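>>> Sequence below, structure please.
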Amino acid sequence: MQKLIFLIILFYQCSHVMAFHDVELDTMPTVFTVGEYGKKYEELVSDCDLALFQISGQSMDTAYMHWLEVLNDIESFSNNNNFDIRGVKIWVNIFWNADGSIQHIVYFPKRSSRNINFDHFGKMLEDYIKYANPFLLSGGCYSHFGSASFPTHAEFLLRKH
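Model prediction:
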């Protein structure tokens with residue numbers, strides 16, 4: 001009987017710890033790495049089911065130019081703030097609100113990336129979100145998952161358009 005009571009108390013304590021963890025996830029940061037907030041990341045992907053491609057008139061060329069604009073903007077911001085991201089290669093998923101502001105940036109360093117302090121990189125991205133001008137307006141939140149390698153050399157292509 002004592003073992004049963006002990007197990008009930010243990011289960012009760014664990015359920016409170018798990019409930020507290022869920023509350024923490026509701027306050028997840030704007031920038032995080034893939035794997036940190038798995039369940040909430042899945043919810044973001046599900047909730048923001050519009051793609052940058054759709055917001056770009058379903059034109060691959062237009063969507064690519066928009067993506068380059070964002071990456072070029074991140075690169076310019078890092079340069080202006082003396083944060084060197086040359087050689088950084090990441091998988092990145094950016095989520096925008098309907099008003100074009102960035103809701104979340106979720107990233108994961110590639111194996112071939114230059115080794116930097118990714119905590120500082122995440123902080124730089126948080127600062128970038130505060131700085132970034134609204135992007136494209138839409139009827140709801142939207143996202144894009146892609147690859148980013150810095151430097152982008154995007155300014156050459158963007159000047160042509």
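>>> Okay, now the unreliable bits of the chain?
Within the chain, the ranges that satisfy pLDDT under 70 run 1-26, 160-161.
>>> where along it do the strands fall?
For the chain, the strands defined by DSSP state E occupy 31-33, 50-51, 89-96, 102-109, 142-149.
>>> do you know which of these lies nearest G57?
Closest approach to G57 among the strands of the chain is made by strand 50-51 (11.8 Å; CB to CB). All C-beta spots, glycine's among them, are computed from the backbone N, C-alpha and C.
>>> Give me the distance between the closest one and the centre of its chain.
Centre-to-centre, strand 50-51 and its host chain are 15 Å apart (CA atoms, centre = their mean, to the nearest Å).
>>> Same check on stretch 94-108?
On CA atoms, centre = their mean, the centre of stretch 94-108 falls 6 Å from the chain's centre.
>>> Need the strands of the chain in TSV (columns: distance to H120).
Output for the strands of the chain, formatted as TSV (distance: least, CB to CB, whole Å):
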stretch	distance to H120
strand 31-33	11
strand 50-51	30
strand 89-96	14
strand 102-109	13
strand 142-149	17
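>>> Grab the most central residue of this protein for me.
Central residue of the chain (CA atoms, centre = their mean): I105, 1.6 Å from the mean position.
>>> show me the contacts for that residue.
Residues near I105 by CB atoms under 8 Å, 6 or more residues apart in numbering: T30, V31, V92, N93, I94, F95, L125, I129.
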